[in-house]
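J.: how would this look folded up:
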Amino acid sequence: MSDNHSPKKRGRKAFWWFICIMLVLLTGFVYFRYYFVFSTGVRAGELNYVVHKGILFKTFEGKLIQTGFRADLPGGLQSNQFVFSVKDEEIARQLMVASGHNVQLHYREYFGRLPWRGHTRFIVDSIVSIQPRDPHQEVIPFVLE
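T.: Presented below is the predicted three-dimensional model:
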């Protein structure tokens, strides 16, 4: 029997093949979970807010109120909200001054979230449009009774 086919060498070779396969699988899993774009689209509604927050990683987070209602429970009504993160600081700054305006936002959805990318799986990457508030709309004052 040659020294090249000893059980000890075959065991080491199998171990290194196993390590390589596991590294490839782990790399594929991390890419698919955190970097693969699952979907893209545009959401429209009234921009509620965009804030810069976080403890270790400061990220821009926002909320869009969409028209229409959904009922999670029979007889219950709840507004549709789109909670999102923004990576680009310039886009976030433009959205911060557009609170209360109707906006259309292009986003990317990932399977997992990363703390430095934002608190959500939805990352806004561009602004499609910002429509100013209707100047002819009458403001109804809030009165406590």
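J.: For the residue nearest the centre of the chain, list each beta-bridge partner.
T.: For the chain, the residue sitting closest to the mean C-alpha position, by CA atoms, centre = their mean, is Phe122 at 2.1 Å. Using DSSP bridges, the bridge partners assigned to Phe122 are Glu109.
J.: for the protein, which spans come out with low pLDDT?
T.: Where the chain drops to pLDDT under 70, the residues are 1-5, 69-79, 134-145.
J.: Please, where are all the strands along it?
T.: Under the criterion DSSP state E, the chain contains strands at 37-53, 59-70, 78-86, 102-110, 122-131.
J.: Make a markdown table from those and add distance to Val30 to it.
T.: (Each C-beta comes from the backbone N, C-alpha and C, glycine too.) Shown next, in a markdown table, are the strands of the chain (distance: least, CB to CB, whole Å):
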| stretch | distance to Val30 |
| --- | --- |
| strand 37-53 | 15 |
| strand 59-70 | 20 |
| strand 78-86 | 19 |
| strand 102-110 | 12 |
| strand 122-131 | 17 |
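J.: And the ones you listed: which comes nearest Thr27?
T.: Counting by CB to CB, Thr27 lies closest to strand 102-110 out of the strands of the chain; the figure is 16.5 Å.
J.: What is the closest one packed up against?
T.: With contacts defined as 3 or more CB pairs under 8 Å, 6 or more residues apart in numbering; DSSP states H and E, strand 102-110 has these neighbours: strand 37-53, strand 78-86, strand 122-131.
J.: Specify the angle between the first one and strand 59-70 in degrees.
T.: Interaxial angle, strand 37-53 versus strand 59-70 (axes from the mean of the first three to the mean of the last three CA atoms, to 10 degrees): 110 degrees.
J.: One more: the last one?
T.: Taking the same axes, to 10 degrees, strand 122-131 and strand 59-70 form an angle of 70 degrees between their directions.
J.: circling back: between the strands of the chain, which one is nearest to Met96?
T.: Among the strands of the chain, strand 37-53 comes nearest to Met96, with 4.8 Å by CB to CB.
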